[in-house]
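K.L.:
Turn this into a model:
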Amino acid sequence: MEEQSNIWKKLKKTKQREQVFRILSSSAGPMSAADIYQELLVRSGTCSYAISTVYRILQAFEAAHFVSKMSLSGSDMAYYEWNEDCHRHYAICLKCHKRIPLKECPFQQMYMPETEESFRITGHRVEVYGYCGGCTPE
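P.N.:
Residues are numbered from 1 along each chain as shown. You can find the predicted model right below:
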């Protein structure tokens, strides 16, 4: 509940934003805007707003740093994941686009060498590409 109140301190609370928040924050992994829209339809049986509204909500969440946006290399499809205290990295199947969470962050113990310029790391993203057990390279 505390997480929800922090969101609505930064963004105006609307029914649509709250619905998208509930879907993304309870998701086991990244979702596309189409996935979110489809879930809205499943949960309510109908959706009274257009998918463009979902995109605008996701843009607002991203600007407020509540979601991370990622895309598969060579694809125009964007996926969104709710930012939590911990972050995740994925192995992504090039054939079926399945996202398999990595158990550990490869940069968790990363050493940043001292340089003449100071550099403060604020984030990173790791995606590993290949084929899942159900798919074979063509």
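
K.L.:
residue closest to the middle of the chain?
P.N.:
What sits nearest the mean C-alpha location of the chain, by CA atoms, centre = their mean, is residue 81, with 1.8 Å.

K.L.:
my guess is that one contacts residue 28, does it?
P.N.:
No - contact status for residue 81 versus residue 28: not in contact, 10.0 Å apart, counting by CB atoms under 8 Å. Backbone N, C-alpha and C define where each C-beta goes, glycine included.

K.L.:
picking up where we left off before, leaving aside the residues adjacent along the chain, what's closest to the residue nearest to the centre of the chain?
P.N.:
In space, and not counting its chain neighbours, residue 81 is closest to residue 30: 4.3 Å by CB to CB, 6 or more residues apart in numbering.

K.L.:
Excluding chain neighbours, give the residue nearest to residue 27 in space.
P.N.:
Once flanking residues are discounted, residue 27 sits nearest to residue 82: 7.0 Å by CB to CB, 6+ apart.

K.L.:
Residues in a beta bridge with that neighbour, which ones?
P.N.:
Counting by DSSP bridges, residue 82 forms beta bridges with residue 67.
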